[in-house]
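Novice: got a sequence here, can you model it:
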Amino acid sequence: MTKTPTDFAALYTEALTDTTWTVPQNYDACFNWVYDTGRAGMMGLYQKGKEFQWDATTRIDWSQELDEENPQQLPEEMLPIAGMELYQKMPAKEKAACRKHFQAWQLSQFMQGEQGALICAAKIVTQVPDIDSKFYASTQVIDEARHVESYRLLLSKFGIAYRMTPPLQQLIDQTLRDSRWDMTYLGMQVVIEGLALAAFQTTRDYAQNPLAQQVNAYVMQDESRHVAFGRLALRDYYPQLTQKERDEREEFLIEACYLMRDRFEAREVWETLGLPVQECVDFQYSSPLMKTFRNGLFMRIVPIVKDIGLWGDKVRKGYEEMGVLEYANTDVEALQKNDDTIARELDARRAHVRKTMEAGIAAAE
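Specialist: From the prediction side, this is the model:
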């Protein structure tokens, strides 16, 4: 039986010892007395941010249910251990538990990361000097709150939730502790949000469950704007830095990307299910399919890093070693337009179904 959202703490596979996490801050709140409209690109994003607000409780049809054995109805090969002999010998019930727990773990990281984005966006509003950036970031704050709400509601249907993984928590900690405003953009808007977009896309494009499709498609429609926000702000700012300052940011960037790549080991899942953790992790790193999946997560990060000007030898070498340099020329704007199109198509489809049902009821009367 699915637990209600009011006892969410009970969904965690591991009992919470602390219900909050605090990160010390050391930065100045910045006021700007010049209220000019600012950069056209940034103000255009701000306008979209205002126009495209939505309510998670009404835009998404929460009456839809998840599948018992494969909640989001994802292809079997998207389970990282699907090719292991250990998994293939499991009875159907245990396989279903693996699918359910892994999907819940992944959605939990989406939700935990969205709260990180919520706090980072609030920090940007407070700290960034440009008034147009403050305006746009204010719309992102409510976006991120809505995303946390959406994933909370979806996880409540699973009846399972996982804590934030150590790699994600470490990067969010580093991002929040840094006193330089651009590092918040770099850590959250470029790396964490960029990687999340690729992960959301995988679920959106392959899930056969309508509820899972809707949640991820609508979140992606917002997130594409968020990544564009970081891209605009940093592309204007980084040419002003010294080479030493850019080198510092490139070093942080590569370390962050390695952290995020390792975030998808899902050790917590295999441990919860009583499986040999290291064997499961080793299989993921030896599997060509999982290597392709991990590399694909950087499809939206690499071209943005190149575009904002952090494209020195260290970054190029790091991406080459990770096997993701090929994504440097990806058309990010085309991906963003597609994200918006898919979300609008889902809206139109739902409206058509509702209209057809209403017409049928009226005819019956």
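Novice: chain neighbours aside, what residue packs nearest to residue 201?
Specialist: Excluding the flanking residues, the one nearest residue 201 by CB to CB, 6 or more residues apart in numbering is residue 220, at 6.6 Å. Every residue, glycine included, has its C-beta placed from N, CA and C.
Novice: what number of residues lie near the one you found?
Specialist: Residues lying near residue 220 (other CB atoms under 10 Å) number 24.
Novice: ok, it - contacts?
Specialist: Contact partners of residue 220, counting by CB atoms under 8 Å, 6 or more residues apart in numbering, are 197, 200-201, 204, 339, 342-343.
Novice: distance between stretch 237-257 and the chain's centre?
Specialist: 23 Å (CA atoms, centre = their mean, to the nearest Å).
Novice: please identify the buried residues of it?
Specialist: By neighbour count with 16 or more other CB atoms under 10 Å, stretch 237-257 contains the buried residues 237-238, 246-247, 249-250, 252-254, 256-257.
Novice: got JSON lines for these, with secondary structure too?
Specialist: Output for these, formatted as JSON lines (DSSP: H, G, I helix; E, B strand; the rest coil):
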{"residue": "237", "secondary structure": "helix"}
{"residue": "238", "secondary structure": "helix"}
{"residue": "246", "secondary structure": "helix"}
{"residue": "247", "secondary structure": "helix"}
{"residue": "249", "secondary structure": "helix"}
{"residue": "250", "secondary structure": "helix"}
{"residue": "252", "secondary structure": "helix"}
{"residue": "253", "secondary structure": "helix"}
{"residue": "254", "secondary structure": "helix"}
{"residue": "256", "secondary structure": "helix"}
{"residue": "257", "secondary structure": "helix"}
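Novice: my guess is the residue nearest to residue 201 is in a strand, correct?
Specialist: No - counting by three-state DSSP, residue 220 falls outside a strand, being helix.
Novice: within the helices and strands, which one has the spatially most central residue of the chain?
Specialist: Taking CA atoms, centre = their mean, the centroid of the chain lies closest to residue 196, which sits 2.8 Å from it. Using DSSP states H and E, residue 196 sits in helix 193-206.
Novice: list the buried residues for that helix?
Specialist: Under 16+ other CB under 10 Å, the buried positions of helix 193-206 are 193-204.
Novice: which single one of these is nearest to residue 77?
Specialist: residue 202 (11.5 Å; CB to CB).
Novice: tell me where the stretch 101-250 of the chain has helices.
Specialist: Along the stretch 101-250 of the chain, counting by DSSP state H, counting those that start in this stretch, helices occupy 131-158, 166-177, 181-184, 193-206, 210-237, 243-262.
Novice: any idea which of those gets closest to residue 276?
Specialist: Proximity to residue 276 (CB to CB) singles out helix 243-262 among the helices of the stretch 101-250 of the chain, at 18.6 Å.
Novice: re the thing from before, need the helices of the stretch 101-250 of the chain in CSV with distance to residue 356 and mean pLDDT, can you?
Specialist: Formatted as CSV, the helices of the stretch 101-250 of the chain follow (distance: least, CB to CB, whole Å; pLDDT from 0 to 100):
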stretch, distance to residue 356, mean pLDDT
helix 131-158, 26, 97
helix 166-177, 42, 95
helix 181-184, 46, 96
helix 193-206, 24, 92
helix 210-237, 16, 94
helix 243-262, 43, 92
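Novice: next, count neighbours for the closest residue to residue 118 other than its chain neighbours.
Specialist: In space, and not counting its chain neighbours, residue 118 is closest to residue 144: 3.7 Å by CB to CB, 6+ apart. By the criterion of other CB under 10 Å, residue 144 has 26 neighbours.
Novice: what's the answer for residue 135, then?
Specialist: 20.
Novice: residues in contact with it?
Specialist: Here residue 135 is in contact with 38, 42-43, 46 (CB under 8 Å, 6+ apart).
Novice: how close does it sit to residue 126?
Specialist: Residue 135 sits at a distance of 13 Å from residue 126 (criterion: CB to CB, to the nearest Å).
Novice: hmm, residue 79 is touching residue 101, no?
Specialist: No - counting by CB atoms under 8 Å, residue 79 sits too far from residue 101 to count as a contact (9.9 Å).
Novice: tell me the contacts of residue 296?
Specialist: Residue 296 touches 198, 202, counting by CB under 8 Å, 6+ apart.
Novice: I misspoke; the intended subject was residue 222.
Specialist: 52, 140, 143, 146-147.
Novice: can you map out the helices along the stretch 251-365 of the chain?
Specialist: 267-272, 277-286, 288-296, 302-308, 313-322, 332-364.
Novice: for these, which one sits closest to residue 213?
Specialist: helix 332-364 (6.8 Å).
Novice: tell me which residues in that closest one are buried?
Specialist: Those would be 332, 335-336, 339-340, 342-343, 346-347, for helix 332-364 by 16+ other CB under 10 Å.
Novice: and it, how far from the chain's centre?
Specialist: In terms of CA atoms, centre = their mean, the centre of helix 332-364 is found 23 Å from the chain centre.
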